[in-house]
Structure formats: C-alpha cells, structure tokens
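Trainee: quick check, what structure comes out for this input:
(one chain, ligands or ions: 1)
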Amino acid sequence: MLSFKFKDKVLKAIADRKIDSNEELNPLIEFQLSKLDTLRDFVSNLKIYLNLFISKKRNVSKEYEEIWSAKSLENEFGDLKKLLSSNHRNFHRIKYRGLESPRWWFNSISLLMIEDVIKENNFDEVLEIGSGNGINLLYLGQIFPEIDFYGYELTSSGVQSSQNVKNNKEILSNIKKYFSLENSDTNEKELNNLKFKIQDVRNKIDHPISDKKKLVFTNLALEQMDKVYYEGIKNILNLDADEFIFIEPFREFQNPKDILLLKNKGYLSKNTSKIFKSGFKKDLFKFYRGVRKIKYAAGIVKLRKNAY
Ligand SMILES: C[S@@+](CC[C@H](N)C(=O)[O-])C[C@H]1O[C@@H](n2cnc3c(N)ncnc32)[C@H](O)[C@@H]1O
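Mentor: Predicted coordinates:
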C-alpha cells in the first residue's frame, strides 16, 4: 500500500513533524508500553471479544442531530488561546503500538492532504459528503476563496451549525489558525463560496452536471454509513466528478481486532471493492506511520480520472 506523499513543502514539514516553531505540539511520540498500558489493552480486547457476535443497533440520524445541536462551533472555537495551548492540543492522546499521537493531528493531516490535492489541480468545485458541522469546508473555503464548496449533510442541526459560522469572521479565523498551526493574522472575510445542504446519501445527490472540474471527498462520514453504504457509495460515485477521495476506516486498513470493534460499534467495516468507476484509477494510501483515529485505523482511497 502507498503512503501519501505531500508535495507542498510546509504541509510535508507538518506531516513529518519538522516545524521547529511548533516543537511543543510535537504530534508523534514514541513510547514504551507500561504495565498499565498492557492491562488496559487486555481489558479493551476482552470487551471486544466478548461482544464478538453483537453489533450495535444505531439510529445515526438521531445520534448526529443531537451531537451537532449540543456542540456549537462558536463554543469550540471561541477561545483561540485555549485552542492553541499545548495542554488543549494534547488532551486526547491515542496510543498504538509504541506510537502516541494527539487526536487533533488526524484531522489536521486529513485537511492538509485535501488542501495539497486541491493545490495540485485546478478544481472549480469541491463537494464534501457527510459534512457534519461543516468544519472542513469552513477551513478550506478560506484557503481557496476562488473555489465553490458544497457540503451535503444528513442532519439539519449539522447544516444549521455550518450556516451559523459562515459569516462569523472571528470563529472562521480561529478555525483556520487551529488547523494550519499558524498563529499569524490573516485577512478575515465572510465566506460567500460555501453552500450547505441537507442530503441523505441514500437518495440521488442533486448536484448540477457541468464542465466544472470537481473534487468529491468524505472524511470519516462513510464510517457512519455501514447500513446504507451500498446505496450511498453508488449515489456518490454517480456524481460527475474528476476525482474522489474517501478518508475512511475501510477494512483494508484494519487489523482483525479493529474489524470486530467496528462491527461492535455499528461502524463501517466493509472493504473498498464497491469503489470502482470506469475510466478512473483507484489507489489506497495508508496514513503516515499508521496514525490512527482513536481505536481503529483510517486510510485514504483515491479515484482519479485516467485522463489527468
Ligand atoms: C463523524 S461525522 C464527520 C463529519 C465531517 N465529515 C468531519 O470530518 O468533521 C459523520 C457525518 O456523516 C453524516 N451522515 C451519516 N449518515 C449519512 C447519510 N446517510 N447521508 C448523509 N450524511 C450522513 C452524519 O450526520 C455526520 O454528520
């Protein structure tokens, strides 16, 4: 499997943790497993194996309506000092096979990877499917003001949360600083290149067909769509796009225990065999040194039109 190669120098430096000024945020730390770590692992494995044949019944729509109603971006990104402090950054740490990483690192790297792909190509439009509270597009929309971004999301509370912040210059600027690891002042503008719409991927996605060059991506959204995956992926691939990127926990990226855990949680545990489009080339990329999202791994699947 391939590792994603960052072309942009700054992005590469962040990915390789070589940015001196952010030394204290050092995203990746090697560590030795303590006895307590081993015990914790044992207990969590036991729980997984005891639940071997139980798959959690979920109501994803209800779960996420509640999540996005309760978690406002204004609260989360209101206090920049707190956001950039190493305490806050290092609050949630994920330990796996001797490598420890903070949770924010995964999101930053996903976004920086998408940013890199956009920089390499001249996309006119970028669509995110399962855009949640819009955080990814609220960041990307600022970096690429000349590109039109569309977020398609199941929940009305997610779409509402995105709309609430679209014109809030302070929160927008904090989101940008948080993900880019930059603390410099940027010209804060309202965004008029973002549209958020309610959409269930089980239904046809009504995005206009055009000559515009389009990128479609998902970030940890298919992971919530195990039950609707086959209809969902079909509708997504029916979109008239030049490139598709899925940053998701597909089976190919997991070890056998992770697959059980994903099943127990009612999360996506399928492989990428349904990701196919005639005239497109498919590649799978693992994350830098296998950095994981909490308890299971995610990876990148790219479908790229052969012509470019
Ligand atoms: C873990 S969140 C990720 C949100 C966002 N992509 C991010 O990176 O922050 C998953 C999102 O997928 C959405 N989702 C789940 N099922 C969906 C469906 N059938 N159609 C559209 N969106 C869906 C959920 O409502 C939720 O907002």
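Trainee: okay, buried residues for the helix or strand encompassing Glu65 please.
Mentor: Assessed by DSSP states H and E, Glu65 sits inside helix 60-70. Buried residues in helix 60-70, counted by 16 or more other Cβ atoms under 10 Å: Val60, Tyr64, Glu65, Trp68. All C-beta atoms are positioned from the backbone trio N, CA, C, and that covers glycine.
Trainee: give the contact list for the last one.
Mentor: By Cβ atoms under 8 Å, 6 or more residues apart in numbering, the contact list for Trp68 reads Gly132, Asn133, Thr155, Ser157, Gly158, Gln160, Ser161.
Trainee: can you narrow those to ones near the ligand?
Mentor: Gly132, Thr155, Gly158 (Cβ under 6 Å from any ligand atom).
Trainee: with secondary structure, pLDDT and neighbour count added, can I get these in a markdown table?
Mentor: Shown next, in a markdown table, are the ones next to the ligand among the contacts of Trp68 (DSSP: H, G, I helix; E, B strand; the rest coil; pLDDT from 0 to 100; neighbours: other Cβ atoms under 10 Å):
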| residue | secondary structure | pLDDT | neighbour count |
| --- | --- | --- | --- |
| Gly132 | coil | 97 | 25 |
| Thr155 | coil | 98 | 24 |
| Gly158 | helix | 98 | 24 |
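Trainee: give me the secondary structure label for the nearest residue to Glu223 once chain neighbours are set aside.
Mentor: Nearest in space to Glu223, with sequence neighbours left out and distances taken as Cβ to Cβ, 6 or more residues apart in numbering, is Leu268 at 4.7 Å. Secondary structure state of Leu268, per DSSP: H, G, I helix; E, B strand; the rest coil, is coil.
Trainee: Leu268: neighbouring residues, count only.
Mentor: 22 (other Cβ atoms under 10 Å).
Trainee: who's in contact with it?
Mentor: Leu222, Glu223, Gln224, Met225, Asp226, Tyr229, Glu248, Pro249, Phe250, Leu262.
Trainee: if we can go back for a sec, of the buried residues of helix 60-70, closest to the ligand?
Mentor: Nearest to the ligand among these: Tyr64, at 3.5 Å, using Cβ to the nearest ligand atom.
Trainee: got a pLDDT number for the closest one?
Mentor: Per-residue pLDDT puts Tyr64 at 97.
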